Every structure is written in structure tokens, then in C-alpha cells.
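[1] Sequence below, structure please.
(2 chains)
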2 protein chains.
Amino acid sequence: MTLAKRVPIFLLRLLALGASVTAAVVMVSARDSAQVFNMTFEANYTNSPTFKYFVIINAVAGGYTLIVLFCPSKVSLFRFLLVSDLIVTLLLDSSVSANIAIGQVGKHGNSHAGWLPICNQVPKFCNHVAGALIANFVASLAYLVILLYSLHIVLNLPKP
Amino acid sequence: MTLAKRVPIFLLRLLALGASVTAAVVMVSARDSAQVFNMTFEANYTNSPTFKYFVIINAVAGGYTLIVLFCPSKVSLFRFLLVSDLIVTLLLDSSVSANIAIGQVGKHGNSHAGWLPICNQVPKFCNHVAGALIANFVASLAYLVILLYSLHIVLNLPKP
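    This is a model prediction of the structure:
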């Protein structure tokens, strides 16, 4: 692959690295507490398996991106990267979707199920989660563009 | 593309079509009611925006797959299909992830947020949702295999 083709992918990976690490750090550091019926309620990411999944996926995506950034540019590696980039894109997509669903219940509740919104009690926690979700979304988008750009390169390569 | 290469993709698309239509139909037909504090609670897919998203995405994936099944096999179309298959895979992945997150709260609740599990009150509804989730997961997997197989063809890899 020529340098001109490698630069956009390198920059997109840098963006994805920054975004996924930010997402994981912001989610882990999200903390708030509230008094409900004289009991202190402590909100943090360990309260929900979906938030834990979010931290794991974004940490894995960040680690993978960091390794791949310094990979040599070989044709055989390019093929492997195309498939592994696809898997990472799916994982980031899955993480952001699951957490938007839980965040929506946290913000608006669900009157049918009797689940009350919690964001009015722990607004600082919810703002952190919203920030983490935006960062995860940016990482997903960066990986989607990397995939589309890689496909564009593959489809325009001369047949061996 | 040769017929031998087209047949596996055709069969996978048939599987994805059946699975996504099944997922949408099973979710829409999921209904149950329970008496809570002398009030009747009616559970159906319109109770949650995430369930509505599930129905829309699976209906869209089913419709798309039906159209694509009868598409002529041209090289220019193959490129378009690779990108649109990627988008459909991401949408199905997003739908199943969001609904697993909500289903997990429905089944186990979240004591930190004060969200009680509802599946012991509306078990018929929860079983339908679980079935729909499995069908969506099958459709996602079928599309992932279609994508990997298409990439395999594009990259002209030797058969394993």
C-alpha cells in the first residue's frame, strides 16, 4: 500500500484510539451519589453489566488499535486487518447500542415496567455516561470509515 | 461471480431472511398481562423504544434481504452489496445488543437503580422476546458469514 493510502487510515486509527480510550476512562471515572429514602445510593459503572461490557470493549478496541498502529504494512497483514477491523467495528457498535438502550431507561425510565428514571438523582454520573457514549460513537464511526476506505482500496486493487 | 460462489451466499441470505422476519413477527406477537397492585399491566413491544427499534431493524433487514435475493449478479452490484451488507450487519448487531441489554434488566432487574425484574410477572412475553433475540442473533451471524465470504471472494484468498 502506498503512503498516501496509509496516512488516512493511520489518522483514523489515531482518532479511534483516542475516542475508545476516552470512552473507557470517562465511563470508569463516572461517579455520583444521591440520598434516596435516607439511604445513600452510589452510582458507578460496576452497577450494570452493560456498563462493564462498555469498559471492556472500549479497552479492547483501544489496545487493538494501539498494536495495529505500529504494524508493518504487508499485503498478508492487510487481509487480516480487514477482518479484525470488521470484528472491532461490530464490538464497538454493539457496546454503544446496548449502552444507549440502558442510558435511555436511566434518563426517561419505563413507566410500563415501573422503572423510574435515575438521572435526576445522579446527574453527574449520567453526564459522564453520555460523554462516554459520544466517545464510543466516534470510535465506531472512525472504524466504519476505516472499513469503507479499506474496502475501497481492496476493490480497486489490480487482480493478482 | 460463478454459480458455485453464488449458492452459499444465496442460502445464507435465505437463512437471514427467515431469521429476521421471524424475529420481527415473534417480537410483534409477544404479549402478556399481569395483575400488579390490583392494576392490569399489559406487556407488548410498544412499551419500549428499544423493542420498536428491534422490529423496525429486523423488518428493514428482511425487506432488504428479499430484494437482494433476486438481484442480478454483476460486478458493479457486488461492490454496492458489500457495503450495504456491512450496514445491515451493523444494524442487526446494534438491534440484538440493545435488546439483550434491556432483556437483561427485564430478567434480573437492577437493584442499584431500583429497577425490578418483570419476567416473573409476564413470563410469556419474556419467552417471546428471548426467541426473537435468538432469531435476530441468527440473522446477524448469517450476515457476518456473508460479509466474510464476500471478503474472501474479493481478496481471492486460497481455499483453506
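
[2] pretty sure residue A:130 contacts residue A:104?
    No - using Cβ atoms under 8 Å, residue A:130 is not in contact with residue A:104; the gap is 11.0 Å. C-betas here are computed from N, CA, C, even on glycine.

[3] tell me the contacts of the most centrally placed residue in chain A?
    Geometric centre of chain A, nearest residue: residue A:136, 2.9 Å, by Cα atoms, centre = their mean. Residues near residue A:136 by Cβ atoms under 8 Å, 6 or more residues apart in numbering or on different chains: A:19-20, A:23, A:54, A:58, A:92, A:95-96, A:99.

[4] ok and the one helix or strand it maps to relative to helix B:123-155, angle-wise?
    Secondary structure assignment for residue A:136, by DSSP states H and E: helix A:123-156. Computed by axes from the mean of the first three to the mean of the last three Cα atoms, to 10 degrees, the angle separating helix A:123-156 from helix B:123-155 equals 30 degrees.

[5] picking up where we left off before, please tell me how far the residue nearest to the centre of chain A sits from residue A:31.
    Distance from residue A:136 to residue A:31, counting by Cβ to Cβ, to the nearest Å: 19 Å.

[6] now residue A:63
    24 Å.

[7] residue ranges for the helices of chain A, please.
    Here chain A has its helices, by DSSP state H, at A:3-28, A:49-69, A:75-108, A:123-156.

[8] how many neighbours does the residue nearest to residue A:33 when sequence neighbours are not counted have?
    The spatial neighbour of residue A:33 that comes closest, neighbours along the chain excluded (Cβ to Cβ, 6 or more residues apart in numbering or on different chains), is residue A:42 at 4.9 Å. Neighbours of residue A:42 under the rule other Cβ atoms under 10 Å in any protein chain shown: 13.

[9] what's the neighbour count on residue A:70?
    Neighbours of residue A:70 (other Cβ under 10 Å): 6.

[10] ok, back up a step: can you pull the buried residues of the helix holding residue A:136?
    A:125-126, A:128-133, A:135-147, A:150-151, A:153-154 (16 or more other Cβ atoms under 10 Å in any protein chain shown).

[11] Next: stretch A:53-65.
    Residues of stretch A:53-65 classed as buried by neighbour count (16+ other Cβ under 10 Å): A:53-55, A:57-62, A:64-65.

[12] how many neighbours does residue A:110 have?
    Neighbours around residue A:110, by other Cβ under 10 Å: 20.

[13] So it is in contact with residue B:47, correct?
    Yes - using Cβ under 8 Å, residue A:110 is in contact with residue B:47, at 6.9 Å.

[14] Could you measure from residue A:22 over to residue A:62?
    The gap separating residue A:22 from residue A:62 is 9 Å, by Cβ to Cβ.

[15] Next: residue A:73.
    Plainly put, residue A:73 is 21 Å away from residue A:62 if you go by Cβ to Cβ.

[16] How much space separates residue A:16 from chain B?
    15 Å (Cβ to the nearest Cβ, to the nearest Å).

[17] If we ignore the residues flanking it in sequence, what's nearest that residue?
    The nearest residue in space to residue A:16 (Cβ to Cβ, 6+ apart) is residue A:142, at 3.9 Å.

[18] Check what pLDDT the one you found gets.
    At residue A:142, the pLDDT value in this model is 98.

[19] how near is residue A:45 to chain B?
    11 Å.

[20] Could you count how many residues lie near that residue?
    Residue A:45 has 21 nearby residues by other Cβ under 10 Å.

[21] what's near enough to touch it?
    Per Cβ under 8 Å, 6+ apart, neighbours of residue A:45: A:27-28, A:30, A:51-52, A:54-55.

[22] just the buried members of these?
    Among the contacts of residue A:45, those classed as buried by 16+ other Cβ under 10 Å are A:27-28, A:30, A:51, A:54-55.

[23] want to throw the helices of chain A into a markdown table with distance to residue B:119?
    Converted to a markdown table, those look like this (distance: least, Cβ to Cβ, whole Å):
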| stretch | distance to residue B:119 |
| --- | --- |
| helix A:3-28 | 27 |
| helix A:49-69 | 16 |
| helix A:75-108 | 15 |
| helix A:123-156 | 25 |
